[in-house]
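1. Take a look and give me a structure for this.
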Amino acid sequence: MGILAGLGVLALAAMSVGMPDACGLGSNAVIGPEGGIVLSEDGRLSLEVPQGALDEPTEVSIEAVPCEVEGLADCYSVGPSVVQFALPVTVVYEAAELTSMDGVALLYKGSTGWIRMPDAQVDLEDEIVMGTIMVASSISVDAR
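-> Residues are numbered from 1 along each chain as shown. Prediction:
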């Protein structure tokens, strides 16, 4: 099952038990201790916040922003920037629109600039790139 299909099933399941805020499929969502998913407006980047990653309900957002570096396919700002997650949050990028999956990497913005997510993996079959973050940050896709 592709990640988008999985997101749809999760969204329906969350809504059917009366927790629409637990799985906001817009550019922002209030995510509480139960976890949830935030999907960018373009549908290409999602954050999967596991149960226990946040202590209290927090509005988590994803906003597409201009890329500062040539060769980056897409760039997003994840907020609020002061959020430290207690557990790794999975970042999933739908890479189907890229010309090639060769050398694709997820990056996050650290204090010294763009840094490759060390645990990022490319899934050629589902055409996604996945990694994890512990702090809300800017995220980009290096397609050079």
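
2. Looks to me like Ala53 is in a helix.
-> No: counting by DSSP: H, G, I helix; E, B strand; the rest coil, Ala53 is located in no helix; its state is coil.

3. separation between it and Glu97?
-> Using CB to CB, to the nearest Å, Ala53 is found at 29 Å from Glu97. The way it works is simple: take the backbone N, C-alpha and C, and place the C-beta from them, glycine included.

4. So the two - more neighbours on which side?
-> Ala53 (25 against 11; other CB atoms under 10 Å).

5. how far away is that one from Pro118?
-> Counting by CB to CB, the gap from Ala53 to Pro118 is 19 Å.

6. Also Leu39?
-> From Leu39 to Pro118 the distance is 24 Å (CB to CB).

7. can you list contacts of stretch 51-68?
-> For stretch 51-68, the external contacting residues (CB atoms under 8 Å, 6 or more residues apart in numbering) are 21, 27-35, 38-42, 45-47, 49, 73-80, 83, 85-89, 136, 138, 140.

8. 7 Å - rerun?
-> Here stretch 51-68 makes contact (CB atoms under 7 Å, 6 or more residues apart in numbering) with 27-35, 38, 40-42, 45, 47, 49, 74-79, 83, 85-87, 89, 136, 140.

9. List only buried entries from those.
-> With neighbours counted by 16 or more other CB atoms under 10 Å, those contain buried members at 27-29, 31-32, 34-35, 38, 40, 45, 47, 49, 74-76, 78-79, 83, 85, 89, 136, 140.

10. Helix or strand with the lowest mean pLDDT in the chain?
-> The helix or strand of the chain with the poorest confidence is helix 3-16; it has a mean of 39 (mean pLDDT, DSSP states H and E).

11. Can you list the low-confidence ranges for this protein?
-> 1-26, 144 (pLDDT under 70).
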